[in-house]
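Peer 1: Attaching a predicted model along with its sequence, questions to come.
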Amino acid sequence: MRADQEAFLSRTLSALKQVPDFRERYRWLIGDDGETFRATLLAELGRLRDPGLIAAAADKLCEARPPREAGVACLRRMRGIKSSSDQERLVSVLCTALDAYRRAHPDCTAAMAMEALNEVYAIVSEIHHDELKRRSP
């Protein structure tokens with residue numbers, strides 16, 4: 001890990017340690033033993049700088065449990081950084097739609113959202129399979 005990433009990670013841990021029961025609350029990010037943790041996401045959180053914002057974003061990450069790439073893209077959007085790839089832009093659009101839906105439907109749990117995304121994944125997988133069949137000789 002680069003020195004700047006270590007500094008951001010350290011900033012995140014300092015901010016999270018101020019939250020009561022931080023080990024339990026942020027277990028998904030920092031792990032059970034304090035040795036196993038999601039370093040990339042913790043470093044990206046530190047780039048937010050504000051301890052309150054770091055804790056709020058960490059809460060959202062722990063609830064949603066996104067893959068690393070999606071979590072990083074989400075945190076970068078919070079910092080106002082535009083996505084550079086089509087895939088990151090698609091992730092951004094999907095996250096925005098999901099966030100809007102969950103705000104409009106507060107009873108939508110993370111588990112419900114994951115089930116819906118699994119269904120979307122299955123649909124996209126079928127489309128991809130059909131595209132591959134059409135391309136093959």
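Peer 2: Perfect, thanks for sending it.
Peer 1: mind checking which helix or strand of the protein has the lowest mean pLDDT?
Peer 2: With mean pLDDT, DSSP states H and E as the measure, the helix or strand of the chain carrying the lowest mean pLDDT is helix 86-104 (a mean of 80).
Peer 1: quick one, whichever helix or strand comes after that one and helix 86-104 angle?
Peer 2: Once the chain leaves helix 86-104, the next helix or strand it forms, by DSSP states H and E, is helix 110-135. Counting by axes from the mean of the first three to the mean of the last three C-alpha atoms, to 10 degrees, helix 110-135 lies at 140 degrees to helix 86-104.
Peer 1: Please tell me how far helix 110-135 is from the chain's geometric centre.
Peer 2: 20 Å (C-alpha atoms, centre = their mean, to the nearest Å).
Peer 1: Low-confidence ranges, this structure, go.
Peer 2: 1, 33-36, 82-85, 88, 137 (pLDDT under 70).
Peer 1: Any idea which residue is closest to the centre of it?
Peer 2: residue 71 (2.3 Å; C-alpha atoms, centre = their mean).
Peer 1: What lies in contact with the least confident helix or strand of the chain?
Peer 2: Defining contact as C-beta atoms under 8 Å, 6 or more residues apart in numbering, one finds that helix 86-104 is touched by 69-70, 73-74, 77, 83, 108, 113, 117. Backbone N, C-alpha and C define where each C-beta goes, glycine included.
Peer 1: Quick check: buried residues in that helix?
Peer 2: When burial is assessed from 16 or more other C-beta atoms under 10 Å, helix 86-104 yields the following buried residues: 88, 91-92, 95, 102.
Peer 1: Let's have these in TSV, adding distance to residue 45.
Peer 2: Listed next are those as TSV, based on distance: C-beta to C-beta, whole Å:
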residue	distance to residue 45
88	18
91	18
92	18
95	16
102	21
